[in-house]
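1. Prediction below, plus the sequence it came from.
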Amino acid sequence: MVAEEGTHFKSTVPPIPSDNDYDADPEVWDLIVVGAGVAGAALAYRQGKDGRRVLLLERDFSEPDRIVGELLQPGGYLMLKKLGLADCTDGIDAIKVRGYAILKDGRYAAVKYPTEGYSADIAGRSFHHGRFVQKLRHRAAAQPTVTCREATVRRLINDLGAEWQEGKPVSGVKYKAADGNIREARAHLTIVCDGMYSSFRKPLTQKADVHHPSFFVGLLLRDVQLPHPKHGHVVLATPSPVLFYPISPTEVRCLVDVPGAKLPADLPGYLRSKVAPQVPDELRPAFLEALEKESIRSMQNKQVSCQPLHMPGALLLGDAFNMRHPLTGGGMTVALSDTRLLCEMLHPLPNFQDSIATAHRTAEFYTARKPVSATINTLANALYRVFCVTGSNAHEEMRQACFDYLAKGGACASGPVSLLSGLNPSPSLLVMHFFSVALYGVGRLMHPRPTFRGLYMCIALLLVASRIILPIIWAEGLRAVFFPRLAPKPLESIKRVESSMKLTSSGSVGSKLSSTGSIGVQLAATGSIGAGLSKRLA
């Protein structure tokens, strides 16, 4: 049962025991999952349900403690439900989230998630991230064919047990176990989902583009009511947004975005003097109290886009290869959507023993995921840039137009929020609404009559809009985003491995033939010696 405002359930999520019975391990696992976060735990559960022997490796199975990953959009909850894991939001003080309230210059624009046509339970969920992850891990651990083990994965290995090199299939991992020993685990397929600090992003991708646009500074506000209950709140502050959302019936998370590569030297002073005056009046006392009594936590935000190699025997999943600015809370939605897509691709396979056949079966994964992931990525990164203050008049016009467009309600609100919620991840709808916002701003500038300054600002506003969204879409890949069926499959790595395996096989056959020839020569020589001896004896 999901806790409603005013109802409190004590969260009791017991720790996950590490199964260190190494003698019971199979010689070769069906699947090794590296990392037991949202994607890894959900994947292990689903593959366990399909009867696969799964080894789930995680560095630390204690409850994670993070200031992000606390808001699951309705689209993410829908994916969770389709994976059979909807009950993981029960018993953790989760709050149903119904929409967003955006504040600019003392004025609110409240927009609700467009959940008409869905079952009554489809809504956002906000919670303590660690409690949610522990519930997912428990569901995975409960599967008889899933083994959960605390370990630090050191390297990927090839079929000889040596460190894996590009051009060969991945055949498993070497890991440091709880007993301190370096152990080896073989698997037909290894899924790497070890998060934003992935150790394997570089070897498993051709190109990784990583940006650090800002920091999130987190505070926990206690015993305070949000102006719009069961809504996430976005304050369009200067220089960048401030977020508020409930994570339990008595707690509200505040995330202050601080742009740049470094945090202010006097962070408490910055929050008190620069941010507090822009916090809504209803929340300011609790904000200032949290500054005095609660710990101030921070996390550097990342934007990550990669070109995965799609190597036979291995796949990347989750934040290990794709991240967007966390402003819109879309990360878990993408992770769960990707997990479901991958499970659907793997389900028809009786086993994963043929790494080449498995790689061909999943070759479309990185392009088939694009309409969902690219929509959420583009929306998050574009909205963040729109909501930040740059000092440009044209940019401020775009920022104001975005707020006023959403405040109009109707299709102007439901369309963008359907994208934000993950319920309607359509790239074409995103582009249409983004430029509709820009054109709405143009209309405002031309009212009540055109002026030379107004015309200049219109052109500048359209340029601002284009410079924000077009590079983001270009980086995602035009064909992959809008025409995923026409996008080229990443088959080069598969072909290289296939050729390498054929050469190795041919070399082995040649060696055997050569060896056979040598034996024949030796036998012929032995025959000659025998003949000579016979003559002498005669």
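-> Ah, there it is. Residues are numbered from 1 along each chain as shown.

2. Okay, strands next: where are they in the stretch 101-250 of the chain?
-> Taking DSSP state E, counting those that start in this stretch, the strands of the stretch 101-250 of the chain run over residues 107-112, 124-126, 146-150, 152-157, 172-176, 182-192, 205-211, 214-222, 231-235, 242-248.

3. Identify all contacting residues around stretch 94-110.
-> Stretch 94-110 has contacts (Cβ atoms under 8 Å, 6 or more residues apart in numbering) with 2-5, 71, 111-113, 123-127, 132, 226-228, 230-236, 245-249, 280, 400, 403, 406-407, 413, 417, 420. (Glycine included, C-beta is placed from N, CA and C.)

4. ditto for stretch 169-181
-> Stretch 169-181 is contacted from outside by 18, 20, 22, 28-29, 32, 34, 57, 149-159, 164, 182-187, 190, 311-314, 355-356, 497, 501, using Cβ under 8 Å, 6+ apart.

5. again, 7 Å this time
-> Residues from elsewhere that reach stretch 169-181, judged by Cβ atoms under 7 Å, 6 or more residues apart in numbering: 18, 20, 32, 34, 57, 150-159, 164, 182-187, 190, 311-314, 355, 497.

6. quick revisit: considering the strands of the stretch 101-250 of the chain, which stretch scores lowest in mean pLDDT?
-> Mean pLDDT is lowest for strand 205-211 among these, at a mean of 89.

7. That one: partners in the sheet, and parallel or antiparallel?
-> Paired strands of strand 205-211, with direction, are strand 303-308 (antiparallel) (DSSP bridges).

8. what's downstream of the strand it pairs with, the next helix or strand?
-> strand 314-316 (DSSP states H and E).

9. residue ranges with poor pLDDT in the stretch 1-150 of the chain?
-> Residues of the stretch 1-150 of the chain meeting the criterion pLDDT under 70: 1-12.

10. Mind doing that once more with 50?
-> Where the stretch 1-150 of the chain drops to pLDDT under 50, the residues are 1-10.

11. The stretch 401-538 of the chain now?
-> 509-538.

12. mind running it again at 70?
-> The model of the stretch 401-538 of the chain has pLDDT under 70 over residues 503-538.

13. and the next element down the chain from the helix or strand hosting L55?
-> L55 belongs to strand 54-58 when assigned by DSSP H and E. Per DSSP H and E, the first helix or strand lying C-terminal to strand 54-58 is strand 71-72.

14. Show me what the next helix or strand after that following strand is packed up against.
-> Using DSSP H and E, the next helix or strand after strand 71-72 towards the C-terminus is helix 74-82. In terms of contacts (3 or more Cβ pairs under 7 Å, 6 or more residues apart in numbering; DSSP states H and E), helix 74-82 is packed against strand 124-126, helix 331-346.

15. a markdown table for those, including mean neighbour count and distance to P64?
-> Below are these laid out as a markdown table (neighbours: other Cβ atoms under 10 Å; distance: least, Cβ to Cβ, whole Å):
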| stretch | mean neighbour count | distance to P64 |
| --- | --- | --- |
| strand 124-126 | 26 | 16 |
| helix 331-346 | 24 | 13 |
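
16. Out of the ones you listed, flag the one nearest R66.
-> Closest to R66 of the helices and strands packed on helix 74-82 is helix 331-346 (Cβ to Cβ; 11.2 Å).
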